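> Just the structure for this:
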Amino acid sequence: MAIIKSVRGFTPVIGEDCFLADNAVIIGDVVIGDQCSIWFSTVLRGDVNSIRVGNRVNIQDGSVLHTLYQKSTIDIGDDVSIGHNVTIHGAKIENGALIGMGAVVLDGVVVGEGAIVAAGSVVLSNTIIEPGALYGGAPARFIKKVEPEKAMEMNQKIAKNYLMYSKWYTEDENEDNK
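Numbers count the residues shown, from 1 in each chain. Next up, the predicted model:
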């Protein structure tokens, strides 16, 4: 069962039909929407400021989300995919965005709707990534605009796949309890 811990008077709020991996850690001022999946060894640490996660968001294995005390928050929109081993520290990720595996997204960053941050990228503090843009590298820079329909189709496909994957675990749990 996931570790869900209150701190400083804040207790995490988890939406309906969510999958929380056994060793996921969710602490403090965290609100997670419906149909989300928080995967193995992922940490959402809302001890120093708030973390808000929309609906149908998947935060994949080994990712860490944290903020700066009294300075930054995390706000993640709907249908967002956050790849394996991503670090997000005090950023805003808008609807339908994709953060690739191993990326680092720092305080004050805004990732626009349908934008893509390539795997392994380091997005420096206060960078604004326009909707539908592809950014990559260390430090991350604009690479190209992605056709909005193609970006949204790809990002929504990943989000839907992770919703499907999460169902495999709850089905197995239901079978184990029979």
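> Pull the distance from stretch 141-161 to the chain's centre.
Counting by C-alpha atoms, centre = their mean, to the nearest Å, stretch 141-161 is centred 15 Å from the centre of its parent chain.
> If we go by neighbour counts, what in that stretch is buried?
Neighbour counts over stretch 141-161 (16 or more other C-beta atoms under 10 Å) mark 146, 151-152, 154-156, 158-159 as buried. For the C-beta atoms, the positions are set from N, CA and C on the backbone; glycine is no exception.
> if we look at the longest strand along the chain, which residues are touching it?
In the chain, with assignment by DSSP state E, the single longest strand is strand 43-53. Residues external to strand 43-53 that are found in contact with it (C-beta atoms under 8 Å, 6 or more residues apart in numbering): 7-8, 10, 12, 24-33, 36, 38, 59, 63-76, 90.
> Now, of those, which are buried?
In these, the ones that pass as buried (16+ other C-beta under 10 Å) are 10, 12, 24-30, 32-33, 36, 38, 59, 63-67, 72-74, 76, 90.
> So which of those residues are in strands?
25-30, 32, 38, 59, 64-66, 74, 76.
> which one of these sits closest to Lys167?
Here the nearest of these to Lys167, counting by C-beta to C-beta, is Ile38; it sits at 14.5 Å.
> now the closest one, nearest residue through space, not along the chain?
In space, and not counting its chain neighbours, Ile38 is closest to Ala24: 4.5 Å by C-beta to C-beta, 6 or more residues apart in numbering.
> Could you double-check that that neighbour lies in contact with Thr42?
Yes: using C-beta atoms under 8 Å, Ala24 is in contact with Thr42, at 4.9 Å.
> mind listing which of the buried residues of stretch 141-161 are in helices?
Secondary structure from DSSP state H places 151-152, 154-156, 158-159 of these in helices.
> which among those gets closest to Ala2?
Ala159 (20.1 Å).
> ok, the closest one - contacts?
If you count contacts by C-beta under 8 Å, 6+ apart, then Ala159 has 56-58, 79-81 around it.
> Could you list the low-pLDDT ranges of the chain?
Within the chain, the ranges that satisfy pLDDT under 70 run 172-178.
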